[in-house]
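Q: Can you look at this prediction? I've put the sequence above it.
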Amino acid sequence: MRGLSEDFYARPVLEVARELIGCTVAHGEAAGVIVETEAYHDSEPASHAFVGVTPRTRTLFGPPGRAYVYRSYGIHTMLNAVAEPEGVGAGVLIRALEPVAGIELMAARRGLTQSSSAQPASRLAQLEQLCSGPGKLTQALGVSLAQNASSLSSGPVRIGPRVRGWEDPPVLQGTRIGISQAVELPWRFAVAGCRYVSRPWPSASGRGGAAGR
DNA sequence: CATGGGATTGACT
DNA sequence: GTCAATCCCATGC
């Protein structure tokens, strides 16, 4: 797959976070469409880059279009796309995917058994939860810390443009999840009503279309 | 060099 | 709803 160019990422991080919705992430034969993202920027305290350039945040301040990969809670691996021009510490956390290729491989990596005798409803539920979280999708894709700072245009992990059927997805915007600072910023994006997202939409503006996961 | 805190998940009450 | 797992790294002495 041809990856998005560096120029795509060299823009305001909120723009990049919104436009990454509907794009495809691939690692080897495993791939999925991005359905949920969050933006982080060095100007706000929830961002790792808030503390400035350190060995950890070097990637975030580096060239756009690279992968920023880090370990969270000692267990989970998180995948971000570095955004904004070099010198600005910004990135987009990929939070959920709709699986599209290499599904058996991804299920195996997640420790799930692909039983063909299971009821269709149960198999669908399993598919919806295969990549429904930032730690889950890196496990399913096989992304590791070794991919930190690698190019998302030409490296092992790639992000390609929106394909047919995803030209103009309905995108909702809300507050980010799992942080304790700058919780009020509406820097989370997700496909409206999508069942592959990490958490049901916090329907603050009424009971919108987003049903449970 | 010691310490503390997570951009989470899954198991359990 | 609660809670532990477990490691990287920023910070402070």
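A: Yes, it's here.
Q: Is DNA strand C within reach of stretch A:176-195?
A: No. Stretch A:176-195 stays clear of DNA strand C (Cβ under 7 Å from any atom of the strand), getting no nearer than 10.9 Å. From N, CA and C alone the C-beta is placed, and that goes for glycine too.
Q: Between the two ends of that stretch, how far is it?
A: Between the opening and closing residues of stretch A:176-195 lies a distance of 18 Å (Cα to Cα, to the nearest Å).
Q: before we move on, what about stretch A:105-125?
A: By Cα to Cα, the extent of stretch A:105-125 from end to end equals 17 Å.
Q: Now do the SS call for the residue nearest in space to the middle of chain A.
A: Chain A has A:Ile94 as the residue nearest its centroid, 1.1 Å off, counting by Cα atoms, centre = their mean. Three-state call for A:Ile94 (DSSP: H, G, I helix; E, B strand; the rest coil): strand.
Q: quick check, A:Ala39 in a strand?
A: Yes. A:Ala39 forms part of a strand when assessed by three-state DSSP.
Q: give me the number of residues near it?
A: Per other Cβ atoms under 10 Å, the neighbour tally for A:Ala39 reads 27.
Q: same thing with the one 10 residues further on?
A: Here the neighbour count serves as a burial measure; for A:Ala49 (other Cβ under 10 Å) it reads 26.
Q: looking at this, it is in a helix?
A: Yes. Under three-state DSSP, A:Ala49 falls within a helix.
Q: quick one, what contacts it?
A: Shown in contact with A:Ala49 (Cβ atoms under 8 Å, 6 or more residues apart in numbering): A:40-42, A:57, A:60-61, A:89-91.
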